[in-house]
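Chemist: coordinates only, sequence not included:
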């Protein structure tokens with residue numbers, strides 16, 4: 001039997017629901033995607049899986065989100081509260097974009113991009129482990145190939161939820177991966193080295209030697225990078241991506257990323273190749289929101305917006 005609850009969630013203005021969720025339009029419908037103006041994803045609340053379906057019920061300046069929550073057991077008031085918390089975290093709904101806009105209002109390129117991207121908020125993974133898993137998989141390969149591997153990992157080792165004849169998958173937890181062999185991980189497309197990195201980090205978490213979720217509460221980004229960088233296979237680039245994707249640390253700036261440097265160059269350097277140091281120098285103009293500004297550049301390029 002399927003249980004359903006519907007309610008609304010509000011967001012700090014401005015918030016562009018379509019723009020902020022459309023980046024998942026090519027995602028696997030059994031994991032997370034955006035189709036026909038509706039965002040769908042499985043989340044874990046109070047130890048059980050639930051499917052959330054989100055649609056916009058407002059405007060950019062008066063944002064409201066309609067939520068349909070589905071599960072295989074009765075949905076309690078606490079379940080709804082936890083679902084609201086998860087949705088707000090995933091889409092950064094309580095973040096005040098105006099702080100960012102005020103910071104970059106005198107920077108000509110970013111000021112120009114803010115107009116067509118008004119209300120764009122960066123998504124966050126429900127757990128830090130999910131962000132770390134994706135960042136390890138994406139090391140030194142194309143995103144297209146990486147996403148195929150990530151979907152294989154989710155469907156093979158993630159928990160499943162079947163509702164009305166349809167099956168959906170949640171990202172694996174560290175416990176899901178803990179006993180998986182290197183050869184099994186390689187069957188999902190990972191290289192032996194990446195399989196070792198993922199297994200090693202997972203074992204640290206399961207053994208209680210690494211508390212990824214607690215890192216979200218640290219204010220000093222350099223301390224977080226240092227702690228993650230000490231783990232085999234997790235360098236500064238992987239640490240910074242994990243911080244951006246899973247911790248809402250919007251000052252993190254992965255300047256070593258070739259794709260990001262290419263995007264920065266297209267807007268600031270006429271497309272010529274730039275080094276990480278040059279990218280960091282340009283990013284100084286974005287103040288404390290370097291990671292968020294980089295996200296705006298990436299989305300601008302995807303949408304074909306010119307400087």
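Modeler: Structure received. Predicted model only: the values in this text are computed from it and were never measured. Residues are numbered from 1 along each chain as shown.
Chemist: can you map out the strands along this protein?
Modeler: Remark: strands assigned in the chain by DSSP state E are 3-10, 32-35, 38-45, 48-56, 64-71, 160-163, 166-169.
Chemist: What strands line up against the third one, and which way round?
Modeler: This means strand 38-45. With DSSP bridges as the test, strand 38-45 is paired with strand 32-35 (antiparallel), strand 48-56 (antiparallel).
Chemist: Can you point out the buried residues in it?
Modeler: Across strand 38-45, burial judged by 16 or more other CB atoms under 10 Å covers 39-45. The way it works is simple: take the backbone N, C-alpha and C, and place the C-beta from them, glycine included.
Chemist: Where do the domain boundaries of the chain fall?
Modeler: What automatic domain parsing lists as the domains of the chain is 3-94, 95-120+250-307, 128-246.
Chemist: any chance of those domains in a markdown table, with mean pLDDT too?
Modeler: Shown next, in a markdown table, are the domains of the chain (pLDDT from 0 to 100):
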| stretch | mean pLDDT |
| --- | --- |
| domain 3-94 | 96 |
| domain 95-120+250-307 | 95 |
| domain 128-246 | 96 |
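Chemist: Now do the contacts for residue 300.
Modeler: Residue 300 sits next to 113, 116-117, 267 when contact means CB atoms under 8 Å, 6 or more residues apart in numbering.
Chemist: Show the buried residues in those.
Modeler: Buried among the contacts of residue 300 (16+ other CB under 10 Å): 113, 117, 267.
Chemist: Quick check, the first one in contact with residue 298.
Modeler: The one in question is residue 113. No: taking contacts as CB atoms under 8 Å, residue 113 lies outside contact range of residue 298: 10.7 Å.
Chemist: re the thing from before, would you turn the buried ones among the contacts of residue 300 into a markdown table with distance to residue 145?
Modeler: Shown next, in a markdown table, are those (distance: CB to CB, whole Å):
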| residue | distance to residue 145 |
| --- | --- |
| 113 | 28 |
| 117 | 27 |
| 267 | 26 |
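Chemist: so which of the residues you listed comes closest to residue 69?
Modeler: Within the buried ones among the contacts of residue 300, distances to residue 69 taken as CB to CB reach their minimum at residue 117, with 29.2 Å.
Chemist: ok, and the closest non-adjacent residue to the closest one?
Modeler: Nearest non-adjacent residue to residue 117, counting by CB to CB, 6 or more residues apart in numbering: residue 296, 5.7 Å away.
Chemist: pretty sure the one you found is touching residue 120, no?
Modeler: Yes: using CB under 8 Å, residue 296 is in contact with residue 120, at 6.6 Å.
Chemist: Show the residue spans covered by the helices in the stretch 51-200 of the chain.
Modeler: Assigned by DSSP state H, counting those that start in this stretch, the stretch 51-200 of the chain shows helices spanning 77-90, 97-103, 108-114, 128-137, 143-157, 174-178, 182-186, 192-206.
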